[in-house]
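1. Give me coordinates for this.
(one chain, ligands or ions: 2)
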Amino acid sequence: LTARIFLKLIAGILGVLIVALGAVDVLASRVAESNYRETLIRELTEKGRTVAALLDQEAVASSDTVQQVARASNSRVTLVAPNGQVLVDSEANPARMENHANRPEIQQALAGKVGSTIRQSGTVGTSFLYVAVPCPQGALRLAVPLAEVHARVNDIRKRMLASTALAFLPAFVVAAFLARSVSAKLGSIIEYAGKLAQGDFRARLGQQGLDELGVLAQKLNETGANLERIMAELQREHQELEKLERVRKDFVINVSHELRTPLASIQGYTETLLGGAIHDPDNNIRFLNIIRQNAERLTNLASDLLTLSRIELKTQKFQFASYYVNGLLVDCIDAMRPLSERKNLHIELEPAPEDCEVFCDSKAVHQALTNLLDNAIKYTPENGHIFIGARPLPAANGAAGAEPRFVEFYVRDTGIGIPAEDLPRLFERFYRVDKARSRELGGTGLGLAIVKHLARAHGGEVSVTSELGKGSRFAFTIPVNDLGLMEATPPVQAELTIS
Ligand SMILES: Nc1ncnc2c1ncn2[C@@H]1O[C@H](COP(=O)(O)OP(=O)(O)OP(=O)(O)O)[C@@H](O)[C@H]1O
Ligand SMILES: [Mg+2]
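-> Numbers count the residues shown, from 1 in each chain. Ligands and ions are numbered 1, 2, ... in the order given. Predicted coordinates:
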């Protein structure tokens, strides 16, 4: 391919050189011809004048003298009388020659000037250059055949062509060198374009100089870089979508699974009761209680799922306002006291500064805190300790006023703790450290996912630290001031961002 480009370039250059050569030839031969003709006319005029002077001394011009002059001047010599009659001619018999009065050069000479013409000779039959000068006998005309002029010009032309061609040789070598460098550059650019076409976006062209080809190479490099970036982005999006799809499938499987257990239990006990156990006073109430517990579980599951999807689809309407942090904490402890007392657990309040406020939906914060307290109660053995509190977080970058400030709510317990490897996934839906144990305690694994989504809906985040066998600390942050989340994002299309 490079060879083809090279050949084309060389052929083009050669063509240009040949045309230039032709132009030089045409121009040079024209100039040479007219130059030579002028010189010839001047020479013939000089000769003519000399001969005319000579003839002046001789009373009558003899044919011999004319012949001599003709031989000496290497031209045809004609002597014409004022009436146009040819008196003497060096190459023809004057008796047989027509009257020359109408010849323009003769007319000029008879008028006392020098006349010159190029014309076919009526007498000899070839083209001649005629020069006529006045002389005592009338007009003296000298003529040389044009063929001689042509021969001289051709000679000059040949020499000119040869030297021009010689001068073009180095030009051609330089052009060939340039053509080779251009074709090599083009070759590498074409090769690179081929790589791009085949999807190899990582390849890059080397430095190609500052000319148009260099700019083209640079643009192609930019194109390659852009394509590489876009491809990487698409790949990442693709992976993200795949991950989402996996999460969605897991979610459906999880929900079905969570529904099946209580439903199977309800079905089983109902059938047992219908099969006669309803009349068994030892068991009938127990069975009905189990049915009720499972129905309760289904209700809880349904309401948890509903809460989660409402937050996610942003159809949940939050009522944002400023609240005292300590008030929120006390409300929550009051709500959970019956549960904690059943296990003889002590909930201790670690209050925030008295005037500490947050901008939130109080029901949402209440639910998040109860979910954390519920876990603490569930996963802390009897007689354990639970601490609930809040603390204003220092602004992210020192004293800067524009940064949103947050308050951290936390629940700490002296419970069973969580293995480190489970911590990263703890806030995913349905994720439980010990599935059997959690289910036994009536958990579905949605509590922490709800806490996370509630916190995020406020612009906050969740965190957890835990030590196996010693206890855990769960926390979430809520902003102190209005972050403008209220009017943000109206309900959009249902999207599945489950995690
Ligand atoms: N304070 C804690 N101490 C130890 N483990 C905990 C604690 N809180 C949560 N966990 C672990 O995290 C898992 C997920 O908690 P999450 O609240 O999401 O679900 P759950 O309590 O099992 O069910 P529910 O949906 O009823 O809250 C729990 O199953 C438990 O294994
Ligand atoms: Mg829970």
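2. What number of residues are in the vicinity of the nearest residue to residue 485 once chain neighbours are set aside?
-> Of all residues not flanking residue 485 in the chain, residue 459 sits nearest, at 5.8 Å (CB to CB, 6 or more residues apart in numbering). Every residue, glycine included, has its C-beta placed from N, CA and C. Residue 459 is flanked by 18 other residues according to other CB atoms under 10 Å.
3. Break down the stretch 151-300 of the chain into its helices, ranges please.
-> 212-274, 284-312 (DSSP state H, counting those that start in this stretch).
4. Can you check which of those gets nearest to residue 421?
-> Residue 421 lies closest to helix 212-274 among these, at 18.5 Å (CB to CB).
5. Contact distance from ligand 1 - what residues of the protein qualify?
-> 304, 371, 375-376, 379, 413, 415-416, 418, 426, 431-434, 438, 443-449, 472 (CB under 6 Å from any ligand atom).
6. out of those, which are buried?
-> With neighbours counted by 16 or more other CB atoms under 10 Å, the residues of the chain next to ligand 1 contain buried members at 304, 371, 375-376, 379, 413, 415-416, 418, 426, 431-433, 438, 443-449, 472.
7. Can you list which of those are found in strands?
-> 413, 472 (DSSP state E).
8. tell me, which of the buried ones among the residues of the chain next to ligand 1 make contact with ligand 2?
-> 375, 447 (CB under 5 Å from the ion).
9. on that earlier part again, want to throw the helices of the stretch 151-300 of the chain into CSV with mean pLDDT?
-> Shown next, in CSV, are the helices of the stretch 151-300 of the chain (pLDDT from 0 to 100):
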stretch, mean pLDDT
helix 212-274, 92
helix 284-312, 91
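10. Most tightly packed of the ones you listed?
-> Each of those was assessed for mean neighbour count using mean count of other CB atoms under 10 Å. The highest is helix 284-312, with a mean of 15.
11. coming back round to it: touching, the residue nearest to residue 485 and residue 484? I think so.
-> No. Counting by CB atoms under 8 Å, residue 459 does not reach residue 484; the two are 9.2 Å apart.
12. so what sits against both of those two?
-> With contacts taken as CB atoms under 8 Å, 6 or more residues apart in numbering, residue 459 and residue 484 have no neighbour in common.
13. Can you tell me which residues in this protein are near ligand 2?
-> Close to ligand 2, as judged by CB under 5 Å from the ion, the chain has residues 375, 447.
14. For the chain, give me the ranges with low pLDDT.
-> 1, 58-61, 123-124, 396-402, 486-499 (pLDDT under 70).
15. what sits against residue 462?
-> Here residue 462 is in contact with 427, 448, 451, 452, 455, 474, 475, 476 (criterion: CB under 8 Å, 6+ apart).
16. Which members of those residues occur in strands, if any?
-> Going by DSSP E, the strands hold 474, 475, 476 from these.
17. Let's have the helices of the stretch 151-300 of the chain in CSV, adding distance to residue 172.
-> Shown next, in CSV, are the helices of the stretch 151-300 of the chain (distance: least, CB to CB, whole Å):
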stretch, distance to residue 172
helix 212-274, 22
helix 284-312, 76
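18. So which of these is nearest residue 67?
-> It is, among the helices of the stretch 151-300 of the chain and with distance given as CB to CB, helix 212-274, at 73.6 Å.
19. State the three-state secondary structure for residue 148.
-> With DSSP: H, G, I helix; E, B strand; the rest coil as the basis, residue 148 sits in helix.
20. related to what we said a few turns ago, which one of the ones in strands among the contacts of residue 462 sits closest to residue 110?
-> For those, the nearest to residue 110 is residue 476 (128.5 Å; CB to CB).
21. of all of the stretch 301-450 of the chain, which residue lies closest to ligand 2?
-> Minimum separation of the stretch 301-450 of the chain from ligand 2 (CB to the ion) falls at residue 447, amounting to 2.7 Å.
22. sorry, back to before: what is the nearest of the ones in strands among the contacts of residue 462 to residue 33?
-> For those, the nearest to residue 33 is residue 476 (104.6 Å; CB to CB).
23. how deep is the residue lying closest to that closest one once chain neighbours are set aside tucked in, by neighbour count?
-> Among residues not flanking residue 476 along the chain, residue 455 sits closest, at 4.0 Å (CB to CB, 6+ apart). If you count neighbours by other CB under 10 Å, residue 455 ends up with 23.
24. my guess is residue 455 contacts residue 474, does it?
-> No. Using CB under 8 Å, residue 455 makes no contact with residue 474, being 10.7 Å away.
25. Now tell me what touches stretch 180-192 from outside.
-> Under the contact criterion CB under 8 Å, 6+ apart, stretch 180-192 has outside partners 1-3, 5-6, 9, 203, 205-206, 208-209, 213, 216-217, 220, 224.
26. ok, so of those, who is nearest ligand 1?
-> Distance to ligand 1 across the contacts of stretch 180-192 (CB to the nearest ligand atom) is lowest for residue 224, with 47.6 Å.
27. residues in contact with that closest one?
-> 192, 196, 201, 202, 203, 204.
28. Just the buried ones from the residues you listed?
-> Buried by 16+ other CB under 10 Å: 192, 201, out of the contacts of residue 224.
29. Closest one to residue 143 out of the contacts of residue 224, please.
-> For those, the minimum distance to residue 143 (CB to CB) is 73.0 Å, reached by residue 192.
30. And stretch 121-140, what's buried?
-> For stretch 121-140, the neighbour count (16+ other CB under 10 Å) marks 123, 128-135, 137-140 as buried.
31. just checking, which of those residues belong to helices?
-> Of the buried residues of stretch 121-140, none are assigned to helices by DSSP state H.
32. Among these, which one lies nearest to residue 345?
-> So of those, ranked by how close each gets to residue 345 (CB to CB), first place is residue 129, at 135.7 Å.
33. Can you name the residues that contact the closest one?
-> Contacts of residue 129 by CB under 8 Å, 6+ apart are 37, 40, 41, 44, 116, 117, 118, 143, 144, 145, 146, 149.
34. So the first one is in contact with residue 148, correct?
-> No. When contacts are counted by CB under 8 Å, residue 37 is not listed as touching residue 148 (11.0 Å).
35. What is the neighbour count of residue 394?
-> For residue 394, using other CB under 10 Å, the count is 11.
36. what's the spacing between it and ligand 1?
-> 26 Å (CB to the nearest ligand atom, to the nearest Å).
37. give me the residue from the stretch 51-200 of the chain nearest ligand 2.
-> residue 199 (49.3 Å).
38. Tell me how many other residues surround that residue.
-> 9.
39. re the thing from before, distance-wise, check the residue of the stretch 301-450 of the chain closest to ligand 2 relative to residue 421.
-> 20 Å (CB to CB, to the nearest Å).
40. same check, this time on residue 443
-> Distance from residue 443 to residue 421, by CB to CB: 20 Å.
41. Kindly report the same for residue 63.
-> Noted for residue 63: a distance of 137 Å to residue 421, by CB to CB.
42. Look at those two and report which has more neighbours.
-> residue 63 (14 against 8).
43. For the more buried one, list the residues it contacts.
-> residue 88.
44. residues touching the closest residue in space to residue 461 that isn't next to it in sequence, list them.
-> Take residue 461 and drop its neighbours on the chain: the residue closest to it by CB to CB, 6+ apart is residue 477, 5.6 Å away. Counting by CB under 8 Å, 6+ apart, residue 477 touches 393, 406, 407, 408, 409, 455, 460, 461.
45. List only those of those residues flagged as buried.
-> 406, 407, 408, 409, 455, 460.
46. Take the residues you listed and write them to CSV, including distance to residue 112 and secondary structure.
-> CSV is the format used below for the buried ones among the contacts of residue 477 (distance: CB to CB, whole Å; DSSP: H, G, I helix; E, B strand; the rest coil):
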residue, distance to residue 112, secondary structure
406, 121, strand
407, 127, strand
408, 127, strand
409, 130, strand
455, 124, helix
460, 122, coil
